[in-house]
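# just coords:
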């Protein structure tokens, strides 16, 4: 059986070739129903044992942005406060508690992780990173621009938004409709020959 088909050039342009990390935004709000649509696409991406450890906090209110402010680096402060939505992509350090529901065909799956802190942290970070990438692809596919960021103080952010310590921040991503005023020229990418091997 052949593959399931492929996106046309318009779809590939929207998600990859013409999509850019945005730094300046139109004031148009992002409605909750669109955030739900983005998540409902992103949640379908694969993770190990369907563990789905990512947790998403949509910071939209003035109070939420002020709570976020102390954790942001200087370079990310203005654009994050101006963005209609700043998403905290976090991970649940007890994601394995949901495995009986999420991975029902193997009732022992929870025991693979429980009590093994290094494995829990490795799996949570890896798979929430995958989910964050799925989330950005889903947002772009629905016409929303993304500005992913690592420039923040994780300890401050976790203390402000996740004080019980169960969830920890992985990265941030601004969501909005970009106004194209502060897009840098696309930086070079490594060629296939430099980045890949076929063995």
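Yep, it's here. What you are looking at is a predicted structure, and each value in this text was computed from that prediction instead of being measured. Numbers count the residues shown, from 1 in each chain.
# For the residue nearest to residue 19 when sequence neighbours are not counted, give me the pLDDT.
Distance criterion Cβ to Cβ, 6 or more residues apart in numbering; nearest residue to residue 19, sequence neighbours excluded, is residue 140 at 5.0 Å. Bear in mind the C-beta positions are built from the backbone N, C-alpha and C, glycine included. Looking at residue 140, its pLDDT is 97.
# okay, now residue 140: neighbour count?
For residue 140, the tally of surrounding residues (other Cβ atoms under 10 Å) stands at 19.
# Can you tell me how far it is from residue 18?
Computed as Cβ to Cβ, to the nearest Å, the residue 140 to residue 18 distance reads 10 Å.
# Same check on residue 112?
On the measure of Cβ to Cβ, residue 112 and residue 18 end up 41 Å apart.
# Over to the spatially most central residue of the chain: give its phi and psi.
Within the chain, one residue has its C-alpha closest to the average C-alpha position: by Cα atoms, centre = their mean, that is residue 132, at 2.4 Å. Here the main-chain torsion angles of residue 132 (degrees, to the nearest 10) amount to phi -60, psi -40.
# Now it. Nearest residue, chain neighbours left out?
Closest to residue 132 by Cβ to Cβ, 6+ apart is residue 89, at 4.1 Å.
# which residues of this structure fall in strands?
Assigned by DSSP state E, the chain shows strands spanning 54-59, 85-92, 145-149, 167-176.
# all helices for the chain, in order.
Per DSSP state H, the chain carries helices over the ranges 9-12, 32-42, 62-68, 74-82, 99-102, 109-113, 117-141, 154-161, 192-195.
# How far away from the center of its chain is the first one?
The chain centroid and the centroid of helix 9-12 are separated by 22 Å, computed with Cα atoms, centre = their mean, to the nearest Å.
# Which strands or helices does it pack on?
The contact analysis (3 or more Cβ pairs under 8 Å, 6 or more residues apart in numbering; DSSP states H and E) places helix 9-12 against no helix or strand.
# List of residues touching it?
By Cβ atoms under 8 Å, 6 or more residues apart in numbering, the surrounding residues in contact with helix 9-12 are residue 141.
# same thing with the longest one?
Residues external to helix 117-141 that are found in contact with it (Cβ under 8 Å, 6+ apart): 11, 14-15, 19, 38-39, 41-48, 51-56, 87, 89-93, 95-96, 112-113, 145-146, 148, 168, 170-171, 173, 175.
# next one: the fourth one
Around helix 74-82, the neighbours that count as contacts under Cβ under 8 Å, 6+ apart are 23-25, 65, 68-69, 72, 86, 147, 149, 151-152, 172, 174, 182.
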